[in-house]
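# Below: sequence and its predicted model.
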Amino acid sequence: MAVRKADKYLSIRMARFLMKTIGYWPPESKFEKYLLNGILVYTLFAIGLALWIESTELYLGIGDIYAVTYTACSTMPVVIVLLKLCFFLLHREEMLRMLKYTEDNFWYVQYDAYGSRILEKIDRKGIILLFTFTFFVQGAVFTYLLAPIIENRGKNETERILMFNIWVGVPTNVSPNYEIIFFFEVVALIHSGLCFCCFDNLLGLINMHAAGQFKMLQHRLETILQKVERAGTVELLSKKRKRQVYEEIIECVGIHHKLIWYSERMERLFMYTTLCQLLSSAVLLCVSGLQIFLGRGTIVRRMIFIAHSFACFFQLFVITLTSNDLIDESRAIGDAAYNANWQVLAHKDNKSVRNAVLMIIMRATRPCSISAGGFFPVSLETFMTVLSTSVSYFTLLRKFIGE
């Protein structure tokens, strides 16, 4: 029953589908385990092939600033994807365990009315963010596929072009060499597009759900002592009721501890890949913007870099916005505990309850976050910093080309 309920959330289904297409998801059977392992091998082959294709094109374009920046738009995402795949391959078992923990404790759990509203809100937000980001990534893939098809119309066999220039020691524009190479480029391109968005979609979704769990804990803290106040002052309550209040608050302390542990584990998994992504995003936004500014080639070629720019922008926005939500909601736990009508507690009794509330307030002063390599927490301020850096790079590169 819980699984069916969780499956109604489209953002979760989308993230799970994308992760399964590259072989990173907890298997539910032995057959699925072998299938996901096979998909992972295919993924590594496709990304390795893409890196080889991009390396040859980059080598052939040395000396031409336009060709180098053109190739960099497609080479850098492949390099980042390969780094992410290799890192998560080294930590695959840990990642699968954490995904299983997320399913069992966040996604496939029966919630009350307030918790269900939080998850529905997360799902709506996830659909907007993740689908927009994925749409522009696949838009860039589609325009790459479309460019040679449009530009080859009316040309003879010797003038045909591929999506990416490649050197294999044989003529690439004659049949069947052209068709074979084009097929392998399509394989590499499509899977590179899937890999480019799947890990960041997962990180964004995990951040939103972790922030949602902190939001539910805030509501629980704020309502525990409201129930006590409705029943009467704490001094007039029975020892049994006082014990229940204490146990509820101690349970909140335990939930808070688990959420902190979960956030720290997720940070250890994603901190280095996030750092690589932020560093590359500034350069990608710069070179894709430069290609739009230079405006060489057909309108389809320009559409490639427009899609590139939007994809990089929304990728950066998804990561930083959801990480910022995690910081805000984890910090707000202290405010929720402080606002929990603790003034109704008797001064002489309930010392253990007050100490538990103080422990939550003190721990919430250090919010949970996703850091970039352990150097700084990722937030919307990071988003503005990366955009500012990319604009500076763009200005310098444009001035260099103009000279």
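Thanks, I have it.
# Settle this for me: W107 is touching R13, isn't it.
No. W107 lies out of contact with R13 (CB atoms under 8 Å); the separation is 10.5 Å. C-beta here means a position set from N, CA and C on the backbone, and glycine is covered the same way.
# Neighbour count: those two, which is higher?
Shown here are W107 and R13; by other CB atoms under 10 Å, W107 has more neighbours (19 against 13).
# ok, the more buried one to R363 distance?
As defined by CB to CB, to the nearest Å, W107 lies at a distance of 25 Å from R363.
# contacting residues for the residue nearest to H209 when sequence neighbours are not counted?
Leaving aside its sequence neighbours, H209 sits nearest to F106 (CB to CB, 6 or more residues apart in numbering; 5.0 Å). Counting by CB atoms under 8 Å, 6 or more residues apart in numbering, F106 makes contact with H209, A210, Q213.
# go on, V78?
I47, A50, L51, E54, S192.
# Touching, the third one and L83? I think so.
No. In terms of CB under 8 Å, L51 does not count as a neighbour of L83; the distance is 10.6 Å.
# How about the contacts made by A67?
L60, G61.
# Tell me the confidence at it?
With respect to pLDDT, A67 scores 72.
# do P171 as well
69.
# One more: L358?
At L358, the model reports a pLDDT of 80.
# where's it relative to D112, distance?
From L358 across to D112, the span is 27 Å (CB to CB).
# From the chain's centroid, how far away is stretch 246-254?
Relative to its chain's centre, stretch 246-254 lies at 32 Å (CA atoms, centre = their mean, to the nearest Å).
# Contacts made by it with the rest, please.
Here stretch 246-254 makes contact (CB under 8 Å, 6+ apart) with L217, R220, L221, I224, N350, S352, V353, A356, V357, M359, I360.
# ok, and the closest non-adjacent residue to F305?
Q291 (4.1 Å).
# neighbours around the one you found, how many?
Q291: 23 neighbours (other CB under 10 Å).
# and the one helix or strand it maps to, average pLDDT?
Using DSSP states H and E, Q291 maps to helix 239-294. Averaging pLDDT along helix 239-294 gives 83.
# and the next element down the chain from it?
Heading C-terminal from helix 239-294 (DSSP H and E), you reach helix 299-338.
# Tell me where the stretch 301-403 of the chain is predicted with low confidence.
Low-confidence segments of the stretch 301-403 of the chain (pLDDT under 70): 341-351, 401-403.
# What remains of the contacts of stretch 246-254 if I keep only buried residues?
By neighbour count, with 16 or more other CB atoms under 10 Å, the contacts of stretch 246-254 hold L217, R220, L221, I224, N350, V353, A356, V357, M359, I360 as buried.
# Among those residues, which pair sits farthest apart?
L217 and N350 (20.7 Å; CB to CB).
# sec struct for P27, please.
In three-state terms, and counting by DSSP: H, G, I helix; E, B strand; the rest coil, P27 is coil.
# Distance-wise, check it relative to G374.
31 Å.
# For the two, indicate the residue with more neighbours.
Legend: neighbour count by other CB under 10 Å for P27 and G374, higher for P27 (16 against 11).
# just checking, that one touches L36?
Yes. Contact status for P27 versus L36: in contact at 5.6 Å, counting by CB under 8 Å.
# Now do the strands in this protein.
For the chain, applying DSSP state E gives no strands.
# In it, which residue is most central in space?
Nearest to the geometric centre of the chain sits D200, at 2.2 Å (CA atoms, centre = their mean).
# all helices in the protein, in order from the N-terminus.
2-7, 10-20, 30-60, 65-90, 92-102, 113-151, 177-231, 239-294, 299-338, 351-363, 380-402 (DSSP state H).
# got the angle between the longest one and helix 177-231?
In this structure, helix 239-294 runs at an angle of 150 degrees to helix 177-231, with axes from the mean of the first three to the mean of the last three CA atoms, to 10 degrees as the basis.
# can you check the third one too?
Taking the same axes, to 10 degrees, one finds that helix 30-60 is oriented at 120 degrees with respect to helix 177-231.
# Also the fifth one?
With the same axes, to 10 degrees defining the directions, helix 92-102 sits at 40 degrees from helix 177-231.
# got the contact list for helix 92-102?
M19, Y24, W25, P26, F88, I206, H209, Y262, R265, M266, L269.
# mind redoing it with 10 Å?
The contact list for helix 92-102 (CB atoms under 10 Å, 6 or more residues apart in numbering) reads 12, 15-16, 19, 23-27, 36, 40, 85, 87-89, 91, 107-108, 199, 202, 205-206, 209-210, 258, 262, 265-266, 268-270.
# Could you check how far F199 is from I206?
Taking CB to CB, one finds F199 at 11 Å from I206.
# Overlap of the contact sets of these two?
Residues touching both F199 and I206 (CB under 10 Å, 6+ apart) are A15, F270.
# give me the number of residues near the residue nearest to I62 when sequence neighbours are not counted?
Excluding the flanking residues, the one nearest I62 by CB to CB, 6+ apart is V68, at 6.9 Å. With neighbours defined by other CB under 10 Å, the count for V68 comes to 15.
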